[in-house]
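**Q** let's see this in three dimensions:
(one chain, ligands or ions: 2)
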Amino acid sequence: MSPVTSRTQVAIVGAGPAGLLLAHLLAAEGVESVVLETRSQEYVAARIRAGILEQSSVDLLSEAGLGARLAHEGDRHRGIYLQFPHERHHLDFVELVGRSVYVYGQTEVQKDLVDARAAGGQEWVYEITDTALHEVDSDRPSVTYRAADGTEHRLEADAIAGCDGSFGPSRSAIPGGTTWERTYPYAWFGILADVAPSTDELVYAWHPHGFALHSMRSDTVSRLYLQVEPGTDPDSWSDDRIWDELATRLGHGQDGWELKPGPITDKSVLPMRSYVHAPMSHGRLFLAGDAAHIVPPTGAKGLNLAIADVALLAPALAALVRSGDRRLADAYSQSALRRVWRCTHFSWWMTTMLHQDGDPFSAQLQLSQLRWVTSSQAGATGLAENYAGLPFEV
Ligand code: FAD
Ligand code: DHB
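**A** Numbering: from 1, shown residues only. Ligands and ions are numbered 1, 2, ... in the order given. I've put the predicted structure just below:
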């Protein structure tokens with residue numbers, strides 16, 4: 001039986017933050033789109049991922065009409081703490097570079113996008129299978145898929161946005177190209193706990209046992225991470241062992257500071273890698289977010305990079321599908337990759353400065369780097385500028 005054929009201006013593969021935000025920005029420009037997603041809407045909404053938004057991401061979301069709840073519930077932080085044995089230093093980004101960061105989880109951004117969908121011009125289709133991209137270098141690219149009810153579909157479009165994360169099919173629809181990849185010899189064990197954070201701002205801690213991070217989601221929910229061996233089974237660590245190790249690495253008892261434990265509601269282990277694919281476009285296919293690049297989580301860039309890609313891609317696609325003007329679309333890959341490489345470097349640098357790799361020489365270099373970053377205005381400013389986020393043009 002031939003597939004059910006329909007048409008839209010932009011077919012968006014993937015309903016993560018990149019795909020949904022792109023649909024929202026296109027709708028605001030009067031451009032129609034259809035978002036295609038393999039998972040259920042409930043699964044995507046509940047997925048626990050990133051937690052920190054840069055100033056420029058907050059500005060973009062607010063300008064796009066997605067800032068109301070963020071303004072009330074987002075927790076503005078002036079900076080972060082960097083810690084190594086017997087020392088904890090606050091880096092004040094507002095003083096250093098005039099920008100702050102916000103604790104506002106990816107799950108909240110997704111919820112806001114779901115609530116804003118009434119804007120119209122957007123159609124979302126969940127629980128599809130067999131997604132395949134066709135004729136992306138022609139003027140009539142299309143996506144075929146099987147809907148949840150088993151029917152076969154062909155969605156024809158003026159352009160396709162591949163927002164399908166690191167395992168989706170879009171990247172491999174770009175012929176040739178170059179990929180750069182680095183895997184790291186460690187992973188993050190992340191927990192979510194129903195307990196008030198023990199700190200007002202995030203603590204990034206270097207420790208001989210391995211890196212630890214104290215982050216948060218709200219006044220009553222803490223998010224914490226421990227460096228562990230890749231492949232660690234989260235269930236092999238008891239809750240007591242997790243809290244004991246976090247207390248050791250985060251300096252419980254140091255200068256009277258205490259880590260308050262609480263009930264753990266989620267445990268997961270995240271692998272760490274850097275990955276960049278170039279070019280990020282081919283013909284009428286454009287990649288955004290994790291579909292084109294992955295960064296290790298240290299420095300909280302993944303979600304912010306996805307937002308920055310989409311900020312460039314939305315006007316480029318609007319000009320392309322409305323008037324056939326390819327100028328922004330042709331510049332997209334090169335413009336996006338400048339920021340991608342800056343964030344790839346920053347994430348690699350934060351990661352290698354803070355994680356134990358078993359080499360005593362590395363450990364001495366890391367401590368020297370940490371002392372420099374926390375004692376020199378130049379060192380601190382470089383970190384602050386990258387962490388708080390560079391302006392979108394860079
Ligand atoms: P995604 O959010 O991955 O969305 C891609 C979507 O495409 C998914 O919903 C997927 O189901 C869908 N898809 C895949 N294949 C297909 C297909 N064939 N057809 C249709 N749809 C498809 N970043 C941080 O900054 N800080 C963090 O703490 C952090 N923690 C993370 C924890 C985990 C477990 C993971 C995986 C990532 C984490 N990240 C973190 C990274 C951050 O979440 C991502 O950078 C961000 O989600 C990128 O958004 P995206 O929309 O590009 O991709
Ligand atoms: C979080 C994740 C990060 O990778 C990071 O650098 C800071 C915070 C978080 O999940 O809260």
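
**Q** report the buried residues of stretch 32-41.
**A** 32-38 (16 or more other CB atoms under 10 Å). (Each C-beta comes from the backbone N, C-alpha and C, glycine too.)

**Q** so which of these reach ligand 1?
**A** Filtering the buried residues of stretch 32-41 for neighbours of ligand 1 using CB under 6 Å from any ligand atom leaves 36-38.

**Q** in the stretch 201-350 of the chain, what residue lies closest to ligand 1?
**A** For the stretch 201-350 of the chain and ligand 1, the shortest gap (CB to the nearest ligand atom) falls at G289, measuring 2.1 Å.

**Q** wait, a strand at S333?
**A** No. Assessed with DSSP: H, G, I helix; E, B strand; the rest coil, S333 is helix; it does not lie in a strand.

**Q** who's in contact with it?
**A** Shown in contact with S333 (CB atoms under 8 Å, 6 or more residues apart in numbering): 278-281, 286.

**Q** ok, 7 Å please
**A** The contact partners of S333, by CB atoms under 7 Å, 6 or more residues apart in numbering, come to 278-281.

**Q** do the same with L22
**A** Here L22 is in contact with 12, 161, 163, 288, 310, 313-314 (CB under 7 Å, 6+ apart).

**Q** and if you look at Y104?
**A** Counting by CB under 7 Å, 6+ apart, Y104 touches 53, 70, 74.

**Q** what sits closest to L133 if chain neighbours are left out?
**A** The shortest distance from L133 to any non-neighbouring residue, by CB to CB, 6 or more residues apart in numbering, is to A173 (4.2 Å).

**Q** where in the protein is the helix or strand with the lowest mean pLDDT?
**A** Taking mean pLDDT, DSSP states H and E as the measure, the helix or strand of the chain with the lowest value is helix 41-46, at a mean of 90.

**Q** tell me where the stretch 151-300 of the chain has helices.
**A** With helices called from DSSP state H, counting those that start in this stretch, the stretch 151-300 of the chain shows them at 239-250.

**Q** which bits of it sit near ligand 2?
**A** Residues of the stretch 151-300 of the chain lying near ligand 2 (CB under 6 Å from any ligand atom): 202, 215, 223, 297-300.

**Q** how about TSV for the contacts of Y104, with distance to ligand 2 added?
**A** Below are those laid out as TSV (distance: CB to the nearest ligand atom, whole Å):
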residue	distance to ligand 2
L53	10
L70	15
G74	13
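
**Q** near ligand 1 too, which of those?
**A** Answer for these near ligand 1: none qualify (CB under 6 Å from any ligand atom).

**Q** of these, which is the most crowded?
**A** L53 (28 neighbours; other CB atoms under 10 Å).

**Q** hmm, R99 and it touching each other?
**A** No. Using CB atoms under 7 Å, L53 and R99 do not qualify as a contacting pair, with a distance of 11.5 Å.

**Q** residues from the protein in reach of ligand 1?
**A** Residues of the chain found near ligand 1 (CB under 6 Å from any ligand atom) are 13-19, 36-39, 44, 49-51, 106, 131, 163-165, 167-169, 270, 289-291, 297, 300-303, 306.

**Q** re the thing from before, what's the PyMOL line that selects buried ones from the residues of the stretch 151-300 of the chain next to ligand 2?
**A** Here is the PyMOL command that selects the buried residues among those (16+ other CB under 10 Å):
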select buried, resi 202+215+223+297+298+299+300
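
**Q** most widely separated two among the residues of the stretch 151-300 of the chain next to ligand 2?
**A** Using CB to CB, those reach their maximum pairwise distance at R223 and G299, which is 15.2 Å.

**Q** identify the residues contacting the residue in the stretch 101-250 of the chain positioned nearest to ligand 1.
**A** Residue of the stretch 101-250 of the chain nearest ligand 1, by CB to the nearest ligand atom: G165 (2.8 Å). Residues near G165 by CB under 7 Å, 6+ apart: 14, 16, 290-291.
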